[in-house]
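S.K.: Sequence plus predicted model, see below.
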Amino acid sequence: MKEDKAAYTLRMPIDLKNLLQKIAKQEGRSFNSEIVQRVIKTLKDDGFSIN
């Protein structure tokens, strides 16, 4: 089954982008996947139920 995804343009400080790209590379993930994983973790940590 194809997963529904939405495209979104995100603006962030260049230093944050560079750091996230570095971490993503270390973790073997894409830049996008790194951002998604971090948003999911933050929401779970805040008590939200995420699939």
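M.R.: Yes, it's here. Note that this is a predicted model, so its numbers are computed, not measured.
S.K.: Spatially, and excluding backbone neighbours, which residue is closest to the one residue sitting closest to the centre of the chain.
M.R.: Centroid-nearest residue in the chain, with C-alpha atoms, centre = their mean: Ile35, separated by 1.3 Å. Once flanking residues are discounted, Ile35 sits nearest to Leu20: 6.5 Å by C-beta to C-beta, 6 or more residues apart in numbering. Quick note: C-beta positions are derived from backbone N, CA and C, even for glycine.
S.K.: and the helix or strand hosting Ile40, how far from the chain's centre?
M.R.: For Ile40, the enclosing helix or strand under DSSP states H and E is helix 31-45. With C-alpha atoms, centre = their mean, to the nearest Å as the basis, helix 31-45 stands 4 Å off its chain's centre.
S.K.: so how many other residues sit close to the closest residue to Lys44 other than its chain neighbours?
M.R.: Nearest non-adjacent residue to Lys44, counting by C-beta to C-beta, 6+ apart: Ile50, 5.6 Å away. Applying other C-beta atoms under 10 Å, we find 9 residues neighbouring Ile50.
S.K.: Contact partners for Ile50?
M.R.: Ile40, Leu43, Lys44 (C-beta atoms under 8 Å, 6 or more residues apart in numbering).
S.K.: Around Val39, count how many other residues there are.
M.R.: Neighbours of Val39 (other C-beta under 10 Å): 11.
S.K.: cool, and Thr9?
M.R.: Residues near Thr9, counting by other C-beta under 10 Å: 4.
S.K.: and what of the one 10 residues further on?
M.R.: A total of 12 residues lie near Leu19 under the criterion other C-beta under 10 Å.
S.K.: for Ala24, what are its contacts?
M.R.: Taking C-beta under 8 Å, 6+ apart, one finds Ser30, Phe31, Ser33, Glu34 in contact with Ala24.
S.K.: And Gln37, by the same measure?
M.R.: Contacts of Gln37 by C-beta under 8 Å, 6+ apart are Arg29.
S.K.: quick one: it and Arg11, what's the gap?
M.R.: 20 Å (C-beta to C-beta, to the nearest Å).
S.K.: now Asp45
M.R.: 24 Å.
S.K.: higher neighbour count, those two?
M.R.: Each of Asp45 and Arg11 has its neighbours counted (other C-beta under 10 Å); Asp45 has more, 8 against 5.
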